[in-house]
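In: The amino acid sequence is not available; the structure is as follows:
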């Protein structure tokens, strides 16, 4: 997971609007276009970005999705076609942006983060997703292929629901809603991981488990920094008076705000659980250490008087009456065994042993 990235230093000192990709190079860029209205639908993968020109002022709704943004010339060309502000293009290719919402005269721009949970490594990975809403079109930019939008594509293909009966603003909402809803599945996996860690903490606390708890806490801190701004985005969409958002879509934005609030509540709950789990780990380790020290202390308490007796009769003085006594050896053993057993019985009655 990219926690504290230093890649933004690549753009330090460059003029505003400079296009410099700050992520890792992926596969070839793939541009897909969905063009539809209530009656018709077309889907295709285009080879040249110049083909997007015909979709700028068409009568239907157009969704252009770009997978792979390491080729900044493609992003720049799309910016020219759809008349995007240079700062928007800069934010698209600078993939360490904080999630944010910006309104322009002719479009709405949103940066969000899409998360995935790796079952094998038990870690959360992310990529930046940029969404732009125009008059009758939506642009989406992703770092790598693979996303949470497949259900939306199926709804467009089959014409199910209301997505093909309304405007581009509803498509824009559904894309953002899909990103937010994907957080629930990620947190479901995190919740299962936390439950497993809690069981292991009580059964067998060890250094590996402690490291896993610290990794989990760092991931939750990063998720908090990434998801809290989404609340501001949903709130800004609610309050905004942008001409591209219809009143009908604004009702769905309220539902989006509720989803973000639920995700944040879950996140805060898991952060508290992770913190308490670390406290539980320290308590269990401390209790185990106390049990060990108690056993050692009891053994020491039993052997102290025996050592005292052995020390006395280990002295090499010539005139010690018991040294010449026939039953002296047996008597000392008897005294030592009596003292030891008496202490054991005493500790048992006190429930110390």
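Out: Received, thanks. Worth saying up front: this structure is predicted, and the values here are computed from it rather than measured. Residues are numbered from 1 along each chain as shown.

In: what about the residue nearest to residue 325 when sequence neighbours are not counted, how many residues close to it?
Out: Spatial nearest neighbour of residue 325, excluding adjacent residues (Cβ to Cβ, 6 or more residues apart in numbering): residue 331 at 7.5 Å. The way it works is simple: take the backbone N, C-alpha and C, and place the C-beta from them, glycine included. By the measure other Cβ atoms under 10 Å, the count of residues near residue 331 is 12.

In: Could you confirm residue 331 falls within a strand?
Out: No - read with DSSP: H, G, I helix; E, B strand; the rest coil, residue 331 is helix and lies in no strand.

In: I figured it hits residue 321, correct?
Out: No - between residue 331 and residue 321 there is no contact under Cβ atoms under 8 Å: 11.6 Å.

In: residues contacting residue 282?
Out: For residue 282, the contact set (Cβ atoms under 8 Å, 6 or more residues apart in numbering) is empty.

In: tell me the domain boundaries of this protein?
Out: If you go by automatic domain parsing, the domain ranges for the chain are 7-283, 313-349.

In: Mind telling me which of the ones you listed the model trusts least?
Out: Ranked by mean pLDDT, the domains of the chain bottom out at domain 313-349, with a mean of 83.

In: how much distance is there from that domain to the middle of the chain?
Out: Offset of domain 313-349 from its chain centre (Cα atoms, centre = their mean, to the nearest Å): 66 Å.

In: Any idea how far apart the tips of that domain sit?
Out: Domain 313-349 has an end-to-end distance of 31 Å (criterion: Cα to Cα, to the nearest Å).

In: Can you give me the buried ones in that domain?
Out: Across domain 313-349, burial judged by 16 or more other Cβ atoms under 10 Å covers 332, 336, 339, 343.

In: Looking at those residues, which one is closest to residue 126?
Out: residue 343 (62.0 Å; Cβ to Cβ).

In: Give the other helices and strands that the strand or helix carrying the closest one contacts.
Out: For residue 343, the element it lies in under DSSP states H and E is helix 328-349. The elements that helix 328-349 packs onto, with contact taken as 3 or more Cβ pairs under 8 Å, 6 or more residues apart in numbering; DSSP states H and E, are helix 247-312.

In: what about the helices in this structure?
Out: Shown for the chain, the helices assigned by DSSP state H span residues 72-81, 86-93, 150-158, 168-203, 207-239, 247-312, 328-349.

In: I'd like those helices as a markdown table, with distance to residue 65 appended.
Out: Shown next, in a markdown table, are these (distance: least, Cβ to Cβ, whole Å):
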| stretch | distance to residue 65 |
| --- | --- |
| helix 72-81 | 11 |
| helix 86-93 | 13 |
| helix 150-158 | 9 |
| helix 168-203 | 9 |
| helix 207-239 | 20 |
| helix 247-312 | 20 |
| helix 328-349 | 74 |
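
In: ok, and which of those has the densest surroundings?
Out: helix 86-93 (a mean of 20; mean count of other Cβ atoms under 10 Å).

In: who are the neighbours in contact with the closest residue to residue 99 other than its chain neighbours?
Out: Sequence neighbours aside, residue 229 is the residue nearest to residue 99 in space, at 4.0 Å (criterion: Cβ to Cβ, 6+ apart). The contact partners of residue 229, taken as Cβ under 8 Å, 6+ apart, are 98, 99, 100.

In: just curious, which of those residues is nearest to residue 75?
Out: The closest of these, once distances to residue 75 are taken by Cβ to Cβ, is residue 100, at 17.7 Å.

In: Does residue 242 touch residue 103 like I think?
Out: Yes - using Cβ under 8 Å, residue 242 is in contact with residue 103, at 5.7 Å.
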